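Asks: My questions concern the predicted model and sequence given below.
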Amino acid sequence: MVRFGMVAAALALMASPLLAQESTDDLKKELEQLRKEVDSLKAVNSTKELPAMGKINADAMAADDSPIMTLFKGTKLSGFVDAAWGVSFNHLHSSVMDDNPVRLFDNRDNSFYLHNVQLQLERLATKDMIVGYHVELQAGHDTTILSGSNVDLQEGWIQILAPIGTGLDVRVGKMATLIGYEVVENTNNLNYSRGALYTVIEPITATGVRASYSFVEQFSATIGFNNGLNFGDNFSDDDHSKMLELQALIKPIKDLWIAINLNWGNDLAINGTNAPDFYIFNIVAEYKMDKLTLALNFDQASAQFAGGGRAPFRGVAVYGKYQLTDIFATGVRLEYGSDQLGGLGFGPAAPGDTGTGSRIITITLTEELKIAQHAILRFELRHDSSNNHDFSRGNNGANSARGDTTFAIETLLPF
């Protein structure tokens with residue numbers, strides 16, 4: 001038996017090399033077959049292109065690297081919807097537009113307003129992409145006041161960041177004025193209603209060219225030339241005169257900025273028959289400290305009229321806003337304006353009025369509530385007063401008054 005086992009083991013050892021040799025031969029055959037299949041696939045790919053696919057040049061520009069595509073790819077879309085209701089304690093119930101001469105967009109009694117629906121497209125220039133643009137489209141009641149149409153281009157300009165020093169910012173087109181603290185976009189204002197200075201003396205837009213340069217982080221300067229005093233919404237000039245605009249922007253500390261502005265020129269828009277010499281000097285300052293915002297706006301303006309007389313106007317507005325909680329804030333605005341010689345239409349209007357012009361004071365209290373971190377609800381109580389009878393009272397403004405008190409509720413939805 002032992003001998004039989006030894007013989008079997010010897011036979012197995014003798015057969016192992018034969019089996020190993022046979023297995024290796026099979027693997028070599030399979031590998032050779034795979035090589036042939038790979039070579040056949042390479043041959044097909046070298047002679048055919050897959051449908052809808054072309055060869056790509058290594059030097060070709062990818063779609064995302066195209067300047068135009070890059071410009072629009074970085075565009076930001078934003079906007080807001082602004083609606084309100086307001087009532088006057090003077091019980092005007094009138095269709096006359098000048099019932100309250102120091103109110104611009106909310107001068108109707110017991111009226112609902114769709115003030116503004118605005119869409120904004122913006123892609124500001126950078127060092128990598130030196131061309132940018134800004135477009136603001138708006139529709140609503142405010143647009144009809146500014147331009148007489150229901151839909152309007154509020155702003156539209158092209159920006160070029162010239163590679164000079166820290167970058168020379170050049171903008172061409174229709175832009176917001178540099179004058180004043182308040183703006184058309186009510187989401188950026190502290191109150192619902194625009195102030196008397198904004199309504200009476202400050203321009204809205206400037207159509208022309210503007211260049212800004214930041215010398216250091218704390219100081220920048222701007223110079224521009226435009227068509228003139230666009231109190232409304234003009235795209236073109238009504239005479240051959242141009243307005244010069246200058247600004248010096250100072251940031252002495254982190255949370256404080258001060259802007260010193262000057263507009264100077266000649267414009268038919270002032271009286272329609274002559275081109276009087278005019279200027280608007282303006283200082284704006286804002287300081288933010290934690291939950292408190294404080295701001296100051298000062299205007300000094302004067303125009304030369306036919307006959308050699310000048311019509312000066314000056315005024316100051318003080319703003320304050322305190323964010324009591326994440327959802328609730330309160331704001332106050334105090335204003336004083338003096339139409340010294342009545343050149344802007346303020347002056348003696350009834351027996352007992354004195355002087356050649358008027359002194360106007362406005363007090364505004366605005367309570368702000370955020371809903372779901374998106375919508376903004378504002379409740380505003382405002383009183384306007386004058387030393388003369390510059391306001392209207394009663395049905396169709398039948399009676400004159402020295403002031404007007406209003407209450408309004410505004411709903412804002414920025415996005």
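Replies: All right, it came through fine.
Asks: Please make it C-alpha for all contacts and neighbour counts, starting now.
Replies: Fine.
Asks: And the contacts of stretch 276-293?
Replies: 179-181, 255-268, 270, 294-306, 319-324 (CA atoms under 8 Å, 6 or more residues apart in numbering).
Asks: got the CA coordinates for it in CSV?
Replies: In CSV, the C-alpha atoms belonging to stretch 276-293 read as follows (Å, rounded to 0.1, in the frame of the first residue of the first chain):
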residue,chain,number,x,y,z
PRO,A,276,-28.8,130.7,-16.1
ASP,A,277,-25.6,130.0,-14.2
PHE,A,278,-26.3,127.7,-11.3
TYR,A,279,-24.5,125.6,-8.7
ILE,A,280,-25.4,123.0,-6.1
PHE,A,281,-23.0,122.4,-3.2
ASN,A,282,-23.7,119.3,-1.2
ILE,A,283,-22.1,117.6,1.8
VAL,A,284,-23.2,114.1,2.9
ALA,A,285,-21.9,112.1,5.8
GLU,A,286,-22.8,108.8,7.3
TYR,A,287,-21.6,107.0,10.5
LYS,A,288,-22.5,103.5,11.5
MET,A,289,-21.9,102.2,15.0
ASP,A,290,-23.2,98.7,15.8
LYS,A,291,-27.0,99.1,15.5
LEU,A,292,-27.1,102.9,15.1
THR,A,293,-26.9,104.8,11.8
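Asks: partners of the helix or strand hosting I409, with directions?
Replies: For I409, the element it lies in under DSSP states H and E is strand 403-414. Strand pairing for strand 403-414, using DSSP bridges, gives strand 76-88 (antiparallel), strand 375-386 (antiparallel).
Asks: Show me the shaky parts of this protein.
Replies: 1-28, 31, 34, 37-71, 93-99, 230-240, 268-275, 305-309, 396-398 (pLDDT under 70).
Asks: all strands of the stretch 251-400 of the chain, in order?
Replies: In the stretch 251-400 of the chain, the strands defined using DSSP state E, counting those that start in this stretch lie at 256-266, 277-289, 292-303, 313-323, 328-339, 358-371, 375-386, 391-393, 399-401.
Asks: quick one: the helices in the protein?
Replies: Assigned by DSSP state H, the chain shows helices spanning 2-47, 67-73, 141-147, 196-200.
Asks: who touches L377 in this structure?
Replies: Counting by CA under 8 Å, 6+ apart, L377 has contacts 368-371, 409-412.
Asks: Same check on S220?
Replies: 212-214, 248-250.
Asks: and the gap between the residue nearest to it when sequence neighbours are not counted and S147?
Replies: Residue nearest to S220 in three dimensions, not counting chain neighbours: S214, with 4.1 Å by CA to CA, 6 or more residues apart in numbering. S214 sits at a distance of 34 Å from S147 (criterion: CA to CA, to the nearest Å).
Asks: about what we covered before: could I get the contacts of S220 as a markdown table with distance to Y279 and neighbour count?
Replies: Converted to a markdown table, those look like this (distance: CA to CA, whole Å; neighbours: other CA atoms under 10 Å):
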| residue | distance to Y279 | neighbour count |
| --- | --- | --- |
| S212 | 21 | 19 |
| Y213 | 23 | 18 |
| S214 | 25 | 16 |
| A248 | 16 | 16 |
| L249 | 19 | 18 |
| I250 | 22 | 18 |
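Asks: Keep only those of these that are in strands.
Replies: Cross-referencing those against strands under DSSP state E gives 212-214, 248-250.
Asks: Closest one to I158 out of these, please.
Replies: Of all the ones in strands among the contacts of S220, I158 sits closest to S212, with 13.7 Å by CA to CA.
Asks: so that closest one touches V170, yeah?
Replies: Yes - between S212 and V170 there is a contact under CA atoms under 8 Å: 6.5 Å.
Asks: are any of the contacts of L377 buried, and which?
Replies: The neighbour-count test (16 or more other CA atoms under 10 Å) marks 368-370, 409-412 as buried among the contacts of L377.
Asks: Reformat those residues as TSV; add distance to V102.
Replies: Shown next, in TSV, are these (distance: CA to CA, whole Å):
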residue	distance to V102
E368	23
L369	26
K370	28
I409	19
E410	19
T411	22
L412	23
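Asks: Pick out the most distant pair among those residues.
Replies: K370 and I409, at 13.4 Å, using CA to CA across these.
Asks: circling back: okay, the strands of the stretch 251-400 of the chain, which one's buried deepest?
Replies: strand 391-393 (a mean of 23; mean count of other CA atoms under 10 Å).
Asks: what distance separates it from the centre of its chain?
Replies: 34 Å (CA atoms, centre = their mean, to the nearest Å).
Asks: got the contact list for it?
Replies: 90-92, 99-101, 398-404.
Asks: which ones are touching F328?
Replies: Contacts of F328 by CA under 8 Å, 6+ apart are 367-370.
Asks: Y113 too?
Replies: With CA under 8 Å, 6+ apart, Y113 has these contacts: 83-85, 106, 141.
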